[in-house]
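*Asks:* Whatever this is, show me its structure:
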Amino acid sequence: MPKQIIKKYYKFCLDKITNNTKTILDNYLIEKLPIMYTRSIIHKIITLGNVYINKQQILNPNYKLNQKDTIEIYNLYRKTAKFLLKSDKIKLKIIYEDEYLLIINKQFNSVVHPGTSNPKGTILNGIKFYLEKPNLPFKKPYLANRIDKETSGLILVVTDEKILKNIYKQFTLNLIKKKYIALVNGNLEQNQITIYSNIIRNRNKNYQLALDKCRGKVCLSTFKVIERLKDLTVLKCRLYTGRTHQIRVHLNKLGHPIFNDKKYGGDQILCQKQTINHIIKKNYSNFIALHANSLELIHPIFRNKIKYNSIIPYPIYLLSFIFLDR
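*Replies:* So this is what the prediction gives:
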């Protein structure tokens, strides 16, 4: 599909400004433009030079409007060719497979989904290569859940769009149980904690708890202490909602961020031995001590219950040994 430019034109005239105050450009456009134009989209339109006031180009979203100003907007959309998933032969640890589902044990520091910066070498590229078997009809892989690049654990993949809708419905009805093992900084006093909150994305593109209950997405997590080590605590985490960075945000809010989680304050190496610090920084700098170790669901075709656990990865075992208080 060739690239194509579509131009939309808007024009507004300011007849009156209320309360004898200056009106800000982006606020005015939010009120006037259709609802699909969010503040971030409007900011992009302005900074890209598509807004003219009295025939002069304006690049500042905070520009103050005057009475009888004429605003013209040339909003350009660019259609590009559809993204084509490439095949790539990579090593996959498949722990369950049938005609409809695959469960893969992802290693840390591996990307799940391809993007503009990494079109190949991801888990999904490897799954497509694996499913391209000779003399058999091609099956398109669909990711039913994702985990972060720095973490490890179980990923569910389906080979049909209708099955994917069934899996999403199971997630919505909380029929799919996802459990994680996490190593967190410090010693958690309570044996079990439940956190119910809203999570929003902040300006730094990280996630945080929303102070206003009307904002963000509702999240529910439970944390249970498995073992208390020296300066670390081993937790079993259960997700009842699947929000981005949910576990990482909740544990950071508790004051016990996940070990080596640089984005959410867990990057302090607590071990006193410099040789151990060197090993961790050299070999596991892109590792977060969070592992999706258990996945339970109802098979969308056979209707039987499926439950699989994965082995705790070596870096978490290593940390547990280092911080074991003997």
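*Asks:* which residue ranges form the helices in this structure?
*Replies:* 25-32, 39-47, 123-131, 161-172, 246-253, 274-283, 314-322 (DSSP state H).
*Asks:* Now do the same contact list for Tyr207.
*Replies:* 199-201, 243-245, 248-249 (CB atoms under 8 Å, 6 or more residues apart in numbering). To be clear about C-beta, it is placed using only N, CA and C from the backbone, and glycine gets the same treatment.
*Asks:* same check, this time on Val218
*Replies:* Going by CB under 8 Å, 6+ apart, Val218 touches 196-198, 241.
*Asks:* Which among those count as buried?
*Replies:* Neighbour counting over the contacts of Val218 (16 or more other CB atoms under 10 Å) leaves 197-198 as the buried ones.
*Asks:* Tell me which residue is most central in this protein.
*Replies:* Thr244 (4.0 Å; CA atoms, centre = their mean).
*Asks:* OK, contacts around that residue?
*Replies:* 199, 207.
*Asks:* What separation do you get for it and Asn202?
*Replies:* 12 Å (CB to CB, to the nearest Å).
*Asks:* Provide a list of residue ranges in the stretch 51-200 of the chain with pLDDT below threshold.
*Replies:* Residues of the stretch 51-200 of the chain meeting the criterion pLDDT under 70: 75-83.
*Asks:* try 50 this time
*Replies:* 79, 81 (pLDDT under 50).
*Asks:* what ranges do the strands span in it?
*Replies:* Ranges of strands in the stretch 51-200 of the chain, per DSSP state E, counting those that start in this stretch, are 51-53, 56-57, 64-65, 70-79, 94-97, 101-106, 142-143, 152-158, 177-185, 192-201.
*Asks:* Please work out which of these is packed deepest.
*Replies:* strand 152-158 (a mean of 24; mean count of other CB atoms under 10 Å).
*Asks:* I figured Ile167 hits Val157, correct?
*Replies:* No. If you go by CB atoms under 8 Å, Ile167 and Val157 don't touch, sitting 10.0 Å apart.
*Asks:* who touches both of the two?
*Replies:* Common neighbours of Ile167 and Val157 (criterion: CB under 8 Å, 6+ apart): Ala144.
*Asks:* ok, now how distant is the residue nearest to the centre of the chain from Ile200?
*Replies:* 11 Å.
*Asks:* where does the residue nearest to the centre of the chain sit relative to Ile199, distance-wise?
*Replies:* Thr244 is 8 Å from Ile199, by CB to CB.
*Asks:* Could you do Lys217 as well?
*Replies:* Distance check for Lys217 against Ile199: by CB to CB, it reads 6 Å.
*Asks:* Please apply the same query to Lys165.
*Replies:* From Lys165 over to Ile199 (counting by CB to CB), the distance is 25 Å.
*Asks:* still on that earlier bit, can you redo the strands of the stretch 51-200 of the chain as a markdown table with distance to Lys224?
*Replies:* Below are these laid out as a markdown table (distance: least, CB to CB, whole Å):
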| stretch | distance to Lys224 |
| --- | --- |
| strand 51-53 | 53 |
| strand 56-57 | 58 |
| strand 64-65 | 55 |
| strand 70-79 | 49 |
| strand 94-97 | 24 |
| strand 101-106 | 23 |
| strand 142-143 | 28 |
| strand 152-158 | 17 |
| strand 177-185 | 10 |
| strand 192-201 | 5 |
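*Asks:* right, so of the ones you listed, which gets closest to Lys236?
*Replies:* strand 177-185 (6.3 Å; CB to CB).
*Asks:* so that closest one versus helix 161-172, what angle?
*Replies:* Orientation note: strand 177-185 sits at an angle of 60 degrees relative to helix 161-172 (axes from the mean of the first three to the mean of the last three CA atoms, to 10 degrees).
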